[in-house]
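Q: after the sequence you'll find the predicted model.
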Amino acid sequence: MTTDKDLNPMNVMKPLNLNPKISDEDQPLTSFEMGKLWATYMGNSMSIQILSYFLHHCVDENIKTLLENGLALSTDFIQRIERFFKKGNFPIPIGFTKDDVNLGAPRLYADEFYVHYLKYASKAGMSLYAVAVPLVMREDIREFFIYCNQCATVYLGQINNVLMEKRFIAEPPLIPTPEGIDKIDKQSYLNGFFGDVRPLQALEIIHLWDNIENNVTSMALLSGFHQNVQDQKIKALFKRGLDMTDKAVKQYKEKLHVEHIQSPSYLDHLVKTSTYPPFSDKIMLFHKVDMFSMKIRSFGNSLAVTARRDINLLYGRTLMNIGLFVDDGMNILIDKGWVESPPKAYDWV
């Protein structure tokens, strides 16, 4: 049985007693620290409003606890970042406020959807925190992002437990255990369109699965947004996002199904019919632009471990479509005066 003591990294590594003198809290924030703290603040500012509405309409006690935990984490992260900003004389971003949510609006999603959404959003948050850890040099801020990452890891464990316990998600697919070491000795390993096309390998399966899981959740969220958004230009953008995501999901599912591997199910049935907006157009558009931007990193990770050319082509097309969607969404945000700029370098012109 593995114990907490067994999982202590200092049982394996020797301590390194160095003091690089970059932990002084009075030092000015660097561009790395400003950028990652700002992005974390904005994302969690949005989450507080979204989760507050979800919690207001949640009935299931286990799911309610998940929402309460998510709300507590986002609030905690925001408060810690504000302390860093105040010490560094950095202006507190506006972010999102209670003006961006209407708790009195009718229910828009079923309780089950909240669990899928929490996994979808938490994976995006974890990718942000994990990237910050090796880049941030100031010790107190690096420790903050390590803390965020640890919280997200524990939280995702709770989410997965609820998903499995309540049978909200299929079990991960099984493949045969290798009988020995199988070296790649033919260029046909890369084939995907013609000739000898090999079965999917484990890393390709997991990333197809993960991208389907993310995208069916994104589609359900976007479907609710689409039926409630007021601005017609944003509504048309959301419809475009739904169509392109649905097309991509069908293509990814087909790659698994042709080899008799199950895939995550659609979640459209978890969206209610209410057309009374629970969220402002501003927060809905920002949310989808932000989450589609996060997908770019996810697909980049998928490309890095995928060898079959047919799947790489699908990912490449998806990345192009996502890039165009994010660009058009940002243009609307800018036109509306809804987007705050991250910290910038000096303008020497």
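A: Structure received.
Q: once you drop chain neighbours, what's closest to residue 46?
A: residue 96 (5.0 Å; Cβ to Cβ, 6 or more residues apart in numbering). (Glycine included, C-beta is placed from N, CA and C.)
Q: model confidence score at the one you found, please.
A: According to the predicted model, the pLDDT of residue 96 comes to 96.
Q: that one contacts residue 44, correct?
A: No - applying Cβ atoms under 8 Å as the test, residue 96 and residue 44 come out as separate, 9.7 Å apart.
Q: which residues of the stretch 101-250 of the chain score low on pLDDT?
A: Judged by pLDDT under 70, the stretch 101-250 of the chain has no weakly predicted residues.
Q: contacts only, for the residue lying closest to residue 52 once chain neighbours are set aside.
A: Nearest residue to residue 52, sequence neighbours excluded (Cβ to Cβ, 6+ apart): residue 101, at 6.1 Å. By Cβ atoms under 8 Å, 6 or more residues apart in numbering, the contact list for residue 101 reads 49, 50, 52, 53, 278, 279, 280, 283.
Q: SS state for residue 313?
A: Per DSSP: H, G, I helix; E, B strand; the rest coil, the secondary structure class of residue 313 is helix.
Q: contact partners for it?
A: residue 192.
Q: what do you get if the cut-off is 10 Å, keeping everything else the same?
A: Residue 313 makes contact with 192, 193, 251, according to Cβ atoms under 10 Å, 6 or more residues apart in numbering.
Q: and what of residue 331?
A: 233, 237, 339.
Q: neighbours of residue 27, just the number please.
A: Counted by other Cβ atoms under 10 Å, the residues lying close to residue 27 total 15.
Q: go ahead and confirm it touches residue 33.
A: Yes - here residue 27 reaches residue 33: they are 9.4 Å apart, a contact under Cβ atoms under 10 Å.
Q: now do the shared contacts for these two.
A: Common neighbours of residue 27 and residue 33 (Cβ under 10 Å, 6+ apart) are 88, 137, 138, 140.
Q: give me the buried subset of those residues.
A: With neighbours counted by 16 or more other Cβ atoms under 10 Å, the shared contacts of residue 27 and residue 33 contain buried members at 88, 138, 140.
Q: leaving aside the residues adjacent along the chain, what's closest to the spatially most central residue of the chain?
A: The residue lying closest to the centre of the chain (Cα atoms, centre = their mean) is residue 124, at 2.1 Å. Nearest residue to residue 124 in three dimensions, chain neighbours excluded: residue 294, at 4.3 Å (Cβ to Cβ, 6+ apart).
Q: chain center to the helix or strand where the one you found lies: distance?
A: Here residue 294 sits within helix 281-305, counting by DSSP states H and E. Counting by Cα atoms, centre = their mean, to the nearest Å, helix 281-305 is centred 7 Å from the centre of its parent chain.
Q: do I have it right that residue 95 meets residue 39?
A: No - contact criterion Cβ under 10 Å: residue 95 and residue 39 do not qualify, at 11.2 Å.
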